[in-house]
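**Q** Okay, structure incoming, though there's no sequence with it:
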């Protein structure tokens, strides 16, 4: 094990996790392409390390949301049936899908994330109207309320369109396992458009879910021996430190500048992934 | 109307504690292993142990939810939690199976 490489892995993960946390994204989407492009880690090793970092971020930042009653654990466990099943599919596909296709898919996910970041989320028109005739959410007792700090009272909300949510979450789990990321790209539309959860509840709940989703592929990658401790160890540590302390320092920064900076980084990483998809390597490493 | 239908305050606090403590323990073990390794001692196995704890934390969380749902006699959600655990177990089995099929 090389001291500089470990320190570099730690620092990169800390930065990715701190910055990602400030914008409500998991760190994997930055860590995986950086490990591949600048760290010379092969894509399967980078994906496995990304999965470990996603779990570390999720576990490390879940407690405050739970204590604030923002996490809807009933919605989480229902959706986790779909995300874990998707993760299983992803693990299976990871062994079959050609590597250039993985790079290509990664580029698309990065570009979609950049696009999502440019269009800020609006609070879904939740209201209290009843759902359809076969209302799964009511049958499963998923509706709830959360304490709103600004209003100083509990805000009740209803959960909508569970079947559509489940379908999107299956996709999110698949992408997560295949690319080693938290897969916010599919979770945000699932939470906002399908379930119509309030943003605070949606962020807390999806952060809670990505841990279990990543654990489903994590156990498989662990059994496969794809998790290299000399890479995943420093990455996990950096992710936890970044998730715990990083976001606080970033509160002071302008949200708009941060957002724009991120879009630039995401697009640059997407370009790099596209080049890798076509077998062009430059900048740092020729693996 | 403050009592939300889907709230489980006790369970939420318990899970928060588990994930919080678990994160510290797993991170501590990984840090110890890395420190040993950097000092020239064999520490990688310890790092692997810490990573394994991280991966098992969310699984443990689902197990706790399953136990709680069973205690609350919530059959539907007991089945849901059990299904999630089964899928994760399948993931482990898939990993072992694929490892067996790999060349070398």
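**A** Thanks, I have the structure now. Bear in mind that the values here come from a model prediction, so they are computed numbers and not experimental data. Residues are numbered from 1 along each chain as shown, chains lettered A, B, ... in the order given.
**Q** Which residue is the nearest non-sequential neighbour of residue B:34?
**A** Leaving aside its sequence neighbours, residue B:34 sits nearest to residue A:233 (CB to CB, 6 or more residues apart in numbering or on different chains; 5.5 Å). Where C-beta positions appear, they are placed from N, C-alpha and C, glycine not excepted.
**Q** Packing partners of the helix or strand hosting the one you found?
**A** For residue A:233, the enclosing helix or strand under DSSP states H and E is helix A:229-241. Applying 3 or more CB pairs under 8 Å, 6 or more residues apart in numbering or on different chains; DSSP states H and E, one finds that helix A:229-241 contacts helix A:3-22, helix A:28-39, helix A:43-67, helix B:9-38, helix B:44-71.
**Q** closest to residue A:258 out of those helices?
**A** Residue A:258 lies closest to helix A:3-22 among these, at 6.5 Å (CB to CB).
**Q** ok so, going back, between the helix holding residue A:233 and helix A:28-39, how many degrees?
**A** Interaxial angle of helix A:229-241 relative to helix A:28-39 (axes from the mean of the first three to the mean of the last three CA atoms, to 10 degrees): 140 degrees.
**Q** so how far is helix A:229-241 from its chain's centroid?
**A** What separates the centre of helix A:229-241 from the centre of its chain is 17 Å, taken as CA atoms, centre = their mean, to the nearest Å.
**Q** Need the mean per-residue confidence for that helix.
**A** The average pLDDT for helix A:229-241 rounds to 94.
**Q** ok, now stretch A:209-225?
**A** Rounded mean pLDDT across stretch A:209-225 is 95.
**Q** Any buried residues in it, and which?
**A** Of all the residues in stretch A:209-225, those buried under the rule 16 or more other CB atoms under 10 Å in any protein chain shown are A:209-224.
**Q** Looking at the residues you listed, which one is closest to residue B:38?
**A** residue A:222 (23.3 Å).
**Q** That closest one reaches residue B:95, doesn't it?
**A** Yes: between residue A:222 and residue B:95 there is a contact at 6.7 Å, judged by CB atoms under 8 Å.
**Q** Tell me where the stretch 151-287 of chain A has helices.
**A** Taking DSSP state H, counting those that start in this stretch as the test, the helices found in the stretch 151-287 of chain A are A:162-179, A:184-189, A:199-224, A:229-241, A:247-250, A:255-277.
**Q** Tell me the spacing between residue A:177 and residue A:27.
**A** Residue A:177 is 16 Å from residue A:27, where distance means CB to CB, to the nearest Å.
**Q** for the chain, what are the low-confidence residue spans?
**A** Let's take chain A. For chain A, the stretches flagged by pLDDT under 70 are A:1, A:22-26, A:120-122, A:124-134, A:245-255, A:281-287.
**Q** that's the wrong chain, I meant chain B
**A** B:1-6, B:102-104.
**Q** What residue in it comes nearest to chain A?
**A** Nearest residue of chain B to chain A: residue B:95, at 3.0 Å (CB to the nearest CB).
**Q** other SSEs contacting the helix or strand where that residue lies?
**A** Using DSSP H and E, residue B:95 falls within helix B:75-101. Helix B:75-101 sits against helix A:73-94, helix A:199-224, helix B:44-71, with contacts defined as 3+ CB pairs under 8 Å, 6+ apart.
**Q** Looking at those, which is nearest to residue A:116?
**A** helix A:199-224 (13.3 Å).
**Q** Just give me how far the closest one sits from the chain centre.
**A** Distance of helix A:199-224 from its chain centroid, counting by CA atoms, centre = their mean, is 8 Å.
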